[in-house]
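*Asks:* mind folding the following:
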Amino acid sequence: MKKLLTAIILLTLNQILFSQKKEIYINDHLEIISKEDYKKRGVNYRLQNIETDSVLYRVRVEHEGKGKLTTTEFSKLKKSLNVLEADTKNIVIHYYQGLDACNQHADKNQFVIDDIRNYNRKFKKSNSNLYFVYKETKGLKNRLDITTWIDDTSGAIENLFFKMEYPCDSAVVIFPDGNYIIFRGEHNWEKVFNTATEKYTM
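*Replies:* Just a heads-up that it's a prediction; the model follows:
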């Protein structure tokens, strides 16, 4: 989140210098885009807002995307998850950034609870390891008792994959060569499972 705040400050200063617009359009790589690009329709894109005291950022989010970790980043990630360097299984992270309007009732939702139990079992029988990670615990009381969670209050894992906060939980599948497929915000468990267990192609 520190990277996000720094980038927003820089974008704001740039906007103040050259314009008096109250709205700025950006993508989820924190790059300024045109209003026309922001409004382009696409099934893989979602829109969300980030507000500061003086600027409303309208963000075009690529819901499902791809990327690759550097060797150093991958080593740090494995260390954060307590994964051996020699482990070649796919890594799947279910990431909880915090309580929001999208997930505010999830902790008491039996379907959500059942999904966690169900996919924990499914992943244990697969070639992938599933990790539940939280940035904060507010709104997680019941789910903390269902499975093991990893503490990321330092933001080390968040900063690798999530440049901003996305509604509901997010997920990312990391392959042994460091390539990954990310699901920003609310996602389908089965699609994440299939991505992790089907033949790997990037």
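
*Asks:* domain map for the chain?
*Replies:* 2-62, 65-197 (automatic domain parsing).

*Asks:* of those, which shows the lowest average pLDDT?
*Replies:* The minimum mean pLDDT among the domains of the chain belongs to domain 2-62 (a mean of 78).

*Asks:* you'd agree Asn103 is up against Gly139?
*Replies:* Yes. With contact defined as Cβ atoms under 8 Å, Asn103 counts as touching Gly139 (6.6 Å). In short, each C-beta sits where N, CA and C put it, glycine included.

*Asks:* in the protein, which spans are strands?
*Replies:* Assigned by DSSP state E, the chain shows strands spanning 23-27, 45-51, 56-62, 64-68, 90-96, 128-134, 149-151, 170-174, 179-183.

*Asks:* which of those strands is buried the deepest?
*Replies:* strand 170-174 (a mean of 25; mean count of other Cβ atoms under 10 Å).

*Asks:* list the pairing partners of it within its sheet, with orientation.
*Replies:* The sheet places strand 170-174 alongside strand 90-96 (antiparallel), strand 179-183 (antiparallel), with pairing taken from DSSP bridges.

*Asks:* quick one: that strand to strand 128-134, angle?
*Replies:* 140 degrees (axes from the mean of the first three to the mean of the last three Cα atoms, to 10 degrees).

*Asks:* returning to that earlier point: winner for burial among the domains of the chain?
*Replies:* Ranked by mean neighbour count under mean count of other Cβ under 10 Å, those are led by domain 65-197, which reaches a mean of 16.
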